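*Asks:* Provide a 3D model corresponding to the input given below.
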Amino acid sequence: MALNMESLAEATSGAIGSLLSTTILYPLDTCKTKYQAELRAHGLAKYRNTLDVLLEAISSRQIPSLCQGLGTKNVQSFVSSFIYFYGYDFFKKLYLKKSGFKSIGTRANLVIAVAAGAFTVIITQPLDTAASRMQTSEFGKSKGFWKTLSESTWSEAFDGLGISIILTSNPAIQYTAFDQFKQRMLKGKMKGNREVESSPESLSVFSAFVLGAVSKCFATCITYPLIRCKVMIQAAESEGDAEDEAELKARKTISGSLHAIWKKEGLMGFFKGLQPQILKTVLSSALLLMIKEKISKTTWVLLLAVRRYLFLTRTRLKSS
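*Replies:* Next comes the predicted model:
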């Protein structure tokens, strides 16, 4: 029971952290996504950088449109983070229990993280696709969640699923690095904490922020070409993005999007938008992990209180 409660506490605190970080950084995410989704020769590009997207929203008086799709993205972030953190923590503790090891190795950690990520992606992919299409729509012309999905086929709702599964290596690398650093930093503190009901140790706010930023930056640089391909695959159809229907259809595949980037933008096109991607993802992940570490003990205590309340209530009902 303690194992499940710990996993539930990890999932809840992680989901809340994800929800808050997504909301805070969403305008930056929209600017970054619209810039990444644009695929044109350099001389014909509408946006020179992410700042141009922001200036367009200001000049057209569409600043609120920077938050188009926020509701859908929040639901996707909360659900995916909850499932991921629960699965990751649960299977990590189960592995330690079955293997008898005192700590988990890097290889086993990566396998568990990738498995948890793949399971999460399959469940939340339609939400992710809808949010991306709303973000990349023209300012002021974004459609709601249901209308966005209803205009597509069931298979189109899962656009980018394959590449999303491959990209589970990104959070796997990030959380594995974070977890390994965290274990080393807390090794001394955790020696005397062996009681089942005691709350788990947590990092300081500053330490969690720094470790989260460094681990995410590393993971993002490695996987960025695939990240941009995913944005292009999920992006809303707009004028100038493709020459014809055949090209647009080809771009909905990993190989097609990679070929389109190479053809129109060259080698550097694979890294177009890397700087804003690093800024957004590093800040987002650092905030997520910082908030998660900050509220993990409180979440743990609240869940224990709820469990005890339900147990006492059930006992009273049985005795009456």
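*Asks:* And the helices in the chain?
*Replies:* 2-37, 50-59, 70-99, 106-136, 145-150, 161-166, 169-190, 205-234, 245-250, 254-265, 274-319 (DSSP state H).
*Asks:* residues in contact with the residue nearest to Cys217 when sequence neighbours are not counted?
*Replies:* In space, and not counting its chain neighbours, Cys217 is closest to Val282: 5.1 Å by C-beta to C-beta, 6 or more residues apart in numbering. In this view, the C-beta of every residue, glycine as well, is placed from N, C-alpha and C. Going by C-beta atoms under 8 Å, 6 or more residues apart in numbering, Val282 touches 212-213, 216-217, 220.
*Asks:* circling back: minimum distance to Leu44: which of the helices of the chain has it?
*Replies:* Across the helices of the chain, Leu44 has its closest neighbour in helix 254-265 (9.2 Å, C-beta to C-beta).
*Asks:* returning to what we had before: possible to save the helices of the chain as CSV with distance to Leu44?
*Replies:* Shown next, in CSV, are those (distance: least, C-beta to C-beta, whole Å):
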stretch, distance to Leu44
helix 2-37, 15
helix 50-59, 14
helix 70-99, 30
helix 106-136, 18
helix 145-150, 28
helix 161-166, 26
helix 169-190, 31
helix 205-234, 17
helix 245-250, 15
helix 254-265, 9
helix 274-319, 21
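*Asks:* Turn those into TSV, columns for mean pLDDT.
*Replies:* Below are those laid out as TSV (pLDDT from 0 to 100):
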stretch	mean pLDDT
helix 2-37	84
helix 50-59	92
helix 70-99	86
helix 106-136	85
helix 145-150	75
helix 161-166	88
helix 169-190	75
helix 205-234	84
helix 245-250	67
helix 254-265	87
helix 274-319	82
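*Asks:* which other residues reach stretch 153-169?
*Replies:* Outside stretch 153-169, the residues that reach it (C-beta under 8 Å, 6+ apart) are 113-114, 117-118, 120-122, 125-126, 128-130, 132, 149, 219, 223, 226-227, 229-230, 233-234, 252, 254.
*Asks:* and that stretch, how far apart are its ends?
*Replies:* Terminal residues of stretch 153-169 are spaced 28 Å apart (C-alpha to C-alpha, to the nearest Å).
*Asks:* Show the contacting residues for Ser65.
*Replies:* Counting by C-beta under 8 Å, 6+ apart, Ser65 makes contact with 30, 57, 139-140, 142.
*Asks:* Swap in 10 Å and give it another go.
*Replies:* By C-beta atoms under 10 Å, 6 or more residues apart in numbering, Ser65 lies in contact with 27, 30, 56-57, 134-135, 137-142.
*Asks:* Also Ser207?
*Replies:* By C-beta under 10 Å, 6+ apart, the neighbours of Ser207 are 181-182, 185-186, 289-290, 293.
*Asks:* Repeat that for Ala130.
*Replies:* With contacts defined as C-beta under 10 Å, 6+ apart, Ala130 is in contact with 69, 72-73, 75-76, 143-149, 152, 157, 234.
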